[in-house]
Every structure is written in structure tokens, then in C-alpha cells.
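Enquirer: Turn this into a structure:
(chains A, B, C and D)
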2 protein chains.
Amino acid sequence: MPKHAAALNRMFTALADPTRRAMVERLARGPASVSELARPLPMSLPAVVQHLQVLEESGLVASEKVGRVRTCRIEPGALGVAQDWLAQQHAHWTARFDRLDAYLTETKDDDDTPQ
Amino acid sequence: MPKHAAALNRMFTALADPTRRAMVERLARGPASVSELARPLPMSLPAVVQHLQVLEESGLVASEKVGRVRTCRIEPGALGVAQDWLAQQHAHWTARFDRLDAYLTETKDDDDTPQ
DNA sequence: CGAATACTTAAGCATATGCCTAAGCATGCC
DNA sequence: GGCATGCTTAGGCATATGCTTAAGTATTCG
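Expert: Model (predicted):
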């Protein structure tokens, strides 16, 4: 429903894969080249590059090629999109419980257990 | 790397689909039956039930059947798993920038450029 | 009882995803 | 130049995902 649904799709899809989360965790600690990123991962380099593409399309990661080495880094603002959505849902059901609580408080001394 | 990698997989996979996010958004505003959940969605009821299964396996949603109607509700704590992971990554690259900043501050009045 | 309601189960299908191997480019170094 | 390094491209394949229709099974109600 929000117009950035596509952005959320790409974001959560990117984070849904453990390999890609490992890459994000690695990059959260500092930039890395593609082969540095690939080194600990139990798969071929092309596979890693494909994951990297997903991460870049999600906006979570950016990269720049200098000479023959591509250096990747976290894109700081991007995580916020996901965090905002989660926080908003949290806020909504919190608000709901507040209303429920208010309702119960309002009606509680009138009678006994609201069965 | 964290031992709850599987939980994160299921969580982010569940949230990666716009239909499932719509269902979560609906449930964040209060419980609903399966057909209530399905009503606004442009697909068959079995398809909705499949999405619901994914949401249940992720722990985001719980449901209980009474008579012939299954009532679904948000599982409050679950979102926290995703939020925690995001917050942790955020913390890590923030910490990194702090260290970088400290390093630059520490070396700035001394003399030359590092290296 | 019999029909409507509310799911459930099963099977199938089209497309997407995650991986691989094998070649292909550039770039940097001797 | 010639060769290693670092990534890229291309093709293919196995499995997973998102949906469908059709045919169940339980409840509830007149």
C-alpha cells in the first residue's frame, strides 16, 4: 500500500538470505572488495557477485570500481526504510492495545470480570 | 552467524512479500478471520492461506480455530527479532564511524596525513 | 436433514532464485 | 610482452515460490 512497497520488497528480500546478511554484517564493519567479501563464503565468486547485485538493487550496499578491484560499502540510510516499517507496525498494534486498555479501564468498575 | 539465522530467514522472507506485509498491516490493527484477511486481496483463498502459513512459520502471526472460523493475530514479540538484527547492524557501522572519527581527531593536530 | 459457510487438501504449473562451470575481459606486475 | 589477479558474462540446472482450480471436511443454521 505505501508507494515504496517495491523498495520494501527489495530490502526484505535482500535480507532474507543468510549469505547476504553475512555480507551486510561484514560490510557493517568496514568496506571490502568483492573477493574479500567472497573469501569466507562457501560458494563461487560469481554466486557472491549475484548476491551483491541483489544487495545493491536493494540500496543496502554500494560499490565502486577502482582499477580492477570493486570496493563495497554499506549504504547507511537504507536500513532505515526497513526499520521504519517495522516501527510503524509496532506502533499500530501498540496503539490498538492502548485503546483496548482504555476501553477495559473505562468499563471495569461498572461491573466485574468482562467475560 | 547468529544461531537464530533460521529465524531471521523465515522472518525476512515472510516480510519480503507485499501480500504478506499487507496481511501484517491488517493484523496490526486487530485480529481477523482468514476470510476477512482474504477479502481485500486479489487472489484465491487457498493462496491467502499459504501466505498465512509462511507468516505463522515465521512466528509473526498466530491463529486459533474456533468452530469453523480461524482467527489470526499478530504475535507481538516476533517483530523484535528483525528489529534487533537491524539495530545491531546499525550499531556496528555507527561504532565503526565513531572509531574512524576518533582516529581522525587523534591524528589531526599531530602532523601529516596518515601514511 | 440439508444447504450455506469457512476453511483445507491436493495437484499442477509458470516463473524466480541460488547455485554451478567455463570463458571472457581488463589491470597490474616482472 | 606475458602472466597472474580480480572481476564479469553466459549458459544451464535443480529447487523453491506464488499462484491456480477442483474437490474435500467441518460447522452452523433453518
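Enquirer: which intervals of chain A have sub-threshold pLDDT?
Expert: By pLDDT under 70, the weakly predicted segments of chain A are A:1-3, A:97-98, A:100-101, A:103-115.
Enquirer: Up against DNA strand D, what does it have?
Expert: Residues of chain A that fall close to DNA strand D, judged by CB under 7 Å from any atom of the strand: A:33-36, A:38, A:45-46, A:49, A:65, A:68-70. Where C-beta positions appear, they are placed from N, C-alpha and C, glycine not excepted.
Enquirer: Contact partners for A:L79?
Expert: Counting by CB atoms under 8 Å, 6 or more residues apart in numbering or on different chains, A:L79 makes contact with A:60, B:86, B:89-90.
Enquirer: circling back: mark which of the residues of chain A next to DNA strand D are buried, thanks.
Expert: Buried by 16 or more other CB atoms under 10 Å in any protein chain shown: A:33-34, A:38, A:70, out of the residues of chain A next to DNA strand D.
Enquirer: picking up where we left off before, ok, so of the residues of chain A next to DNA strand D, who is nearest A:R99?
Expert: Ranked by distance to A:R99 (CB to CB), the residues of chain A next to DNA strand D are led by A:V49 at 49.4 Å.
Enquirer: sorry, back to before: now, among the residues of chain A next to DNA strand D, which is nearest to A:A6?
Expert: Among the residues of chain A next to DNA strand D, A:V49 lies closest to A:A6 (CB to CB), at 22.8 Å.
Enquirer: Apart from its neighbours in sequence, what residue is nearest the closest one?
Expert: Of all residues not flanking A:V49 in the chain, A:V34 sits nearest, at 6.4 Å (CB to CB, 6 or more residues apart in numbering or on different chains).
Enquirer: Would you check that that neighbour makes contact with A:L45?
Expert: Yes. Shown here, A:V34 and A:L45 form a contact pair, counting by CB atoms under 8 Å, at 7.1 Å.
Enquirer: Show me what counts as buried in stretch A:26-33.
Expert: Across stretch A:26-33, burial judged by 16+ other CB under 10 Å covers A:26-28, A:31-33.
Enquirer: Of the residues you listed, which pair is most distant in space?
Expert: A:A28 and A:S33 (16.0 Å).
Enquirer: touching DNA strand C at all, the helix or strand where A:Q53 lies?
Expert: Using DSSP states H and E, the element containing A:Q53 is helix A:45-58. Yes. Helix A:45-58 is in contact with DNA strand C by CB under 7 Å from any atom of the strand, via A:46-47, A:50-51, A:54.
Enquirer: CA atoms only: put stretch A:17-26 into CSV for me.
Expert: Taking Å, rounded to 0.1, in the frame of the first residue of the first chain, the C-alpha atoms of stretch A:17-26 are listed here in CSV:
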residue,chain,number,x,y,z
ASP,A,17,19.2,-14.7,2.6
PRO,A,18,21.8,-15.7,5.2
THR,A,19,24.6,-15.2,2.7
ARG,A,20,23.5,-11.7,2.0
ARG,A,21,23.1,-11.0,5.7
ALA,A,22,26.6,-12.3,6.3
MET,A,23,27.8,-9.9,3.6
VAL,A,24,26.0,-7.0,5.3
GLU,A,25,27.4,-7.9,8.6
ARG,A,26,30.9,-8.0,7.1
